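[1] with the sequence up front, the predicted model follows.
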Amino acid sequence: MSFTETSRRDFLKATGVLVVSFTLAPLMTSCARGHAETRTLAPDQVDAFLAIDAGGGVTVYSGKVDLGTGVRTAITQIAAEELDVSLDRVTVIEGDTALTPDQGVTSGSLSIEKGGMQIRQAAATARRALVQQAAQRLGVPAGDLVVENGTVRSRSGGKQATYGELLRGRTFSLKIDSQAPLKDPASYTIVGRPVARLDIPAKVTGRFTFMQNVRVPGMLHGRVVRPPAIGAALQSVDEASVKSVPGFVKVVRLGNFLGVVAKTEWGAITAARQLRATWSAWAGLPDESRLWRGGWRRRTTSRCTRMARSGRRARSLRSRTVPSRAGRQARRRTICASSSPPCCRCRSVTCA
Amino acid sequence: MATAITLDVNSRSFTVTVDDPQMPLLYALRNALGLNGPSFGCGLAQCGACTVHLDGKAVRSCVMPLAAVGTQKVVTLEGLGTPERPHPVQQAFIDEQAVQCGYCINGMIMQAAAFLATSKDPSEADVKQALAGNLCRCGTHLRIVRAVMRVAGRG
């Protein structure tokens, strides 16, 4: 095994920054960018998923995010179990593309089955490396060593070294080994036992930052103006009807998508309510038998669904900002990005 | 024309300047005061995610005009209790793990706390009736009812 003597200072600095990034969302982007330069995101590297500081604190980097399903707590359990450390020593950083490896989208109940297993294997690789390192340092065969809460000690007692002492703030610089032995589930003390969800105290006291609570300097507010029926087409918009709304910025029209932007949330709501638009007449409901066979759903969601399946959604949404995309293609992109087709409507709730 | 309105929120006095005094309280709490307890759910008083207390009564802040708040004392989820010293209802929601995504939980707790303050020894049916206007999409209802019953001394 090899450790890279690099960035203890960087790591500690970055760890400090991470704490800030949790509590002060506006700082996150620039700080995270600085941190990303010091660490790998390659999904075959232990360092992409795990870091252990000099004090023995474990940071887990998860590409899967907790949308209210307890994934954060479960991943904390998985990492703590496989590394043999207590739960309170593990901190999980989730879903920051500058910090966390790409583990694909959070959906399909795959966060534990796929994402958690990657982290488990990274932890198993790390644990084996730490035990080997301890064997060298203590002069005790690896087979005679046991790990208890982040301390490697000889079975006979006496010699021991903590993870923090073994790593001394360095990175692992180690590929994840799919053959690194996993703990026997029969010996589990953390996984498989009920653990209180880590996010609940903040959620019941108003301290939790939902994505709806992220605020950035100079942020504008938008509201979508919905058509009166699913098949109605936008015929005309009278922008003058909202010019007098305080804070009004602009009307956004892309094909049949209509929205407003304002400096304040109430300004956007007022403008959306007040905007005069005419839509073509449309009555009835889509033919149920065609919903999944290329009828309504394909018309509005096919691109979004494809992107979600291929894990390319974030990149594709960025391309939405490319100007002068007109006609059908632009309309489909916009619907996908902004007007909540069924597959994008999950808000804070989805199958993670 | 900009209007200055003074509010008593969580026992502190704040003055907010708004273009429209008819703007609902929710937007002042969230955007001017930076509070995250009350959530925007529907904006139409239909879901309860925005619930706050006005002089102890649970109201939907998304339709409560700022101009109508006056000197009434506003309490939000943040003011009800803290992680260190949670309100009994907040503690019960932790004990029963009565949160999934948590977006509606502000309303559930604020509605339940106001209800329990005036309803002694409620039955489970009373609790369900009191929370009937608060929507949860995750399906945490059974745990929520258990949490409220726990505070009522019957859980």
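    Happy to help now that I have it. Numbers count the residues shown, from 1 in each chain, chains lettered A, B, ... in the order given.

[2] got any ranges where chain B has weak pLDDT?
    By pLDDT under 70, the weakly predicted segments of chain B are B:155.

[3] and A:V260, what does it touch?
    A:G222, A:R223, A:V225, A:V242, A:F248, A:K250, A:V251, A:V252, A:A268, A:A271, A:A272, A:L275 (Cβ atoms under 8 Å, 6 or more residues apart in numbering or on different chains). Using the backbone N, CA and C atoms, a C-beta is placed for each residue, glycine as well.

[4] counting neighbours, which of those comes out on top?
    Taking other Cβ atoms under 10 Å in any protein chain shown as the neighbour criterion, A:A271 ranks highest of the contacts of A:V260 with 29 neighbours.

[5] contacting residues for that residue?
    Here A:A271 is in contact with A:R223, A:V242, A:V245, A:F248, A:V251, A:V260, A:A262 (Cβ under 8 Å, 6+ apart).

[6] repeat for B:S11
    B:K73, B:G79.

[7] show me where the stretch 151-300 of chain A has strands.
    A:151-154, A:160-162, A:221-224, A:234-238, A:248-254, A:257-262, A:276-279 (DSSP state E, counting those that start in this stretch).

[8] does the longest helix belonging to chain B reach chain A?
    Assignment by DSSP state H gives helix B:105-118 as the longest helix of chain B. Yes. Residues of helix B:105-118 are located near chain A by Cβ under 8 Å from any Cβ of the partner chain, namely B:I105, B:N106, B:I109.

[9] okay, the contacts of A:V260 in CSV with pLDDT next?
    Below are those laid out as CSV (pLDDT from 0 to 100):
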residue, pLDDT
A:G222, 97
A:R223, 97
A:V225, 97
A:V242, 98
A:F248, 98
A:K250, 97
A:V251, 98
A:V252, 98
A:A268, 98
A:A271, 98
A:A272, 98
A:L275, 98
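
[10] any idea which of those is closest to B:V9?
    Taking Cβ to Cβ as the measure, B:V9 lies nearest A:A268 of the contacts of A:V260, at 23.2 Å.

[11] out of the residues of helix B:105-118 next to chain A, who's nearest B:R60?
    Nearest to B:R60 among the residues of helix B:105-118 next to chain A: B:N106, at 11.5 Å, using Cβ to Cβ.

[12] show me what contacts the closest one?
    Residues in contact with B:N106 (Cβ under 8 Å, 6+ apart) are A:G206, B:G37, B:P38, B:S39, B:A49, B:C50, B:T51, B:T76, B:L77.

[13] these two touch, right, A:K159 and A:R153?
    Yes. Assessed by Cβ atoms under 8 Å, A:K159 is found in contact with A:R153 at 6.7 Å.

[14] what stretches of the stretch 201-350 of chain A score poorly on pLDDT?
    For the stretch 201-350 of chain A, applying pLDDT under 70 flags the ranges A:293-350.

[15] what residues does it put near chain B?
    A:201-210, A:212-213, A:215, A:246-247, A:264-267, A:269-270, A:347-349.

[16] ok, the residue found closest to B:M110 once you drop the neighbours it is linked to in the chain - how many residues close by?
    In space, and not counting its chain neighbours, B:M110 is closest to B:T51: 4.2 Å by Cβ to Cβ, 6 or more residues apart in numbering or on different chains. By other Cβ under 10 Å, 31 other residues sit near B:T51.

[17] top of the contacts of B:N106 by neighbour count?
    Neighbour counts for the contacts of B:N106 (other Cβ under 10 Å) peak at B:T51, which has 31 neighbours.

[18] can you list the domains in chain B?
    Under the assignment automatic domain parsing, the domains of chain B span B:3-79, B:88-151.

[19] tell me the contacts of B:F14?
    Listed by Cβ under 8 Å, 6+ apart, the contact partners of B:F14 are B:T6, B:L7, B:D8, B:A32, B:L33.

[20] enumerate the residues of chain B near chain A.
    Counting by Cβ under 8 Å from any Cβ, the residues of chain B close to chain A are B:18-20, B:23-24, B:27, B:30-31, B:34-37, B:39-40, B:43, B:76-78, B:80-83, B:86, B:90, B:93-94, B:97, B:99-103, B:105-106, B:109, B:137-138.

[21] state the distance from the spatially closest residue to A:G68 that is not a sequence neighbour to A:V71.
    Spatial nearest neighbour of A:G68, chain neighbours left out: B:C101 (2.7 Å); criterion: Cβ to Cβ, 6+ apart. In this view, B:C101 and A:V71 are 12 Å apart by Cβ to Cβ, to the nearest Å.

[22] again with B:R30
    Distance, B:R30 to A:V71, by Cβ to Cβ: 26 Å.

[23] noted, bye for now.
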